[in-house]
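> Got a sequence here, can you model it:
(chains A and B)
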Amino acid sequence: MRHWDLFSEMDNMKREMDDIFRRMDYGRRSFDRPFFPELGYGDIPRINIAQDAENVYLSALLPGVKAEDLEMNVLKNTLTLTGERKDVAAEGAKKVFHRKERGAGKFLRTIELPYEVDAAEAVAELKNGILLVTLPKSEEAKPKRVLLKA
Amino acid sequence: MNGKEIANREAGEMTKAEETRNQKNFIVPPVDIVEDEEGLVLVADMPGVEKEGISIDIENDILTIKGHVTEPFRGKGETILQEYGTRDYHRRFQLLEGINQERAHAEYNDGVLVLRLPKAEAAKPRQIKIESRN
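Numbers count the residues shown, from 1 in each chain, chains lettered A, B, ... in the order given. Next comes the predicted model:
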């Protein structure tokens, strides 16, 4: 039997709370502010994950992030995205901001994938501000059909 | 010229005029609007759009930005986590006087639209030198 661990319980609770807040946002404004909404707003970048029998598909919203400013690491089933978005609007002198809704700066996000993936075979592409990653599931994670004897 | 006078104001009433176009079906892209001596620069985050899918119109001083989203991963596999939606972009602004609309030009790179709206000559700041004879 696993003994009760205060720290992992607290960790779980935090995760659940985060989940609740994220879901509350979901219907209201989370779609309206695609990138760097405000500090402490939640996880940046925002991602979608899909899967089929062979692959896990991950896409992340990264407008204004250049490929050379982005780094992606995969270890087992953990994917880490780090990078920086530069503030193009603020470059140069003598400027007046009338609106400032876009954020800028560094980000780091660790994503736990629901399956173990084969990192060596992963394909990633940064296109029109969206990062598209195709991660083949590792052999162990693929569904296997068990033949039944008649 | 005071920066405020030339500032873009969002066309609040304009959205009312088009009630069939429900705001909920669109994403309002976040923008930065910066003014310098040359004019206004509008920067909008519009990831997932092809250059051809963007339209920028200025009509009766109303600037309309639209973008059609084509995400290649849409519909691939079964979704297990969705944190962002893929809907088209739509946003309007009221342009005040002093913008040279003919010379506006735009660029789209890495999911970010940069629209430059140069000031009309009359609206540019002019320094007047004061001379004295002694």
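
> Next up, phi/psi of A:Met13, please.
phi -60, psi -40 (degrees, to the nearest 10).

> count of neighbours near it?
10 (other Cβ atoms under 10 Å in any protein chain shown). For the C-beta atoms, the positions are set from N, CA and C on the backbone; glycine is no exception.

> wait, what's in contact with B:Gly39?
For B:Gly39, the contact set (Cβ atoms under 8 Å, 6 or more residues apart in numbering or on different chains) comprises B:Ile99, B:Asn100, B:Arg116, B:Leu117, B:Pro118, B:Lys119.

> cutoff 6 Å now
B:Gly39 makes contacts with B:Leu117, B:Pro118, B:Lys119, as judged by Cβ atoms under 6 Å, 6 or more residues apart in numbering or on different chains.

> Would you state the predicted confidence (pLDDT) at the residue of chain B at minimum distance from chain A?
Relative to chain A, the nearest point of chain B is B:Gly111 (1.5 Å; Cβ to the nearest Cβ). pLDDT, B:Gly111: 92.

> burial count for it?
Around B:Gly111 there are 26 residues (other Cβ under 10 Å).

> Same list (the contacts of B:Gly39) but as a markdown table, adding neighbour count, distance to chain A and secondary structure.
Listed next are these as a markdown table, based on neighbours: other Cβ atoms under 10 Å in any protein chain shown; distance: Cβ to the nearest Cβ, whole Å; DSSP: H, G, I helix; E, B strand; the rest coil:
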| residue | neighbour count | distance to chain A | secondary structure |
| --- | --- | --- | --- |
| B:Leu117 | 25 | 12 | strand |
| B:Pro118 | 18 | 15 | strand |
| B:Lys119 | 20 | 12 | strand |
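
> Where is pLDDT lowest across these?
Per-residue pLDDT puts B:Lys119 lowest of the contacts of B:Gly39, at 86.

> and it, what are its bridge partners?
B:Ile99 (DSSP bridges).

> Kindly report the same for B:Glu35.
A:Val96, B:Leu40.

> I'd say it and A:Arg99 touch.
No. Counting by Cβ atoms under 6 Å, B:Glu35 stays clear of A:Arg99, with 10.2 Å between them.
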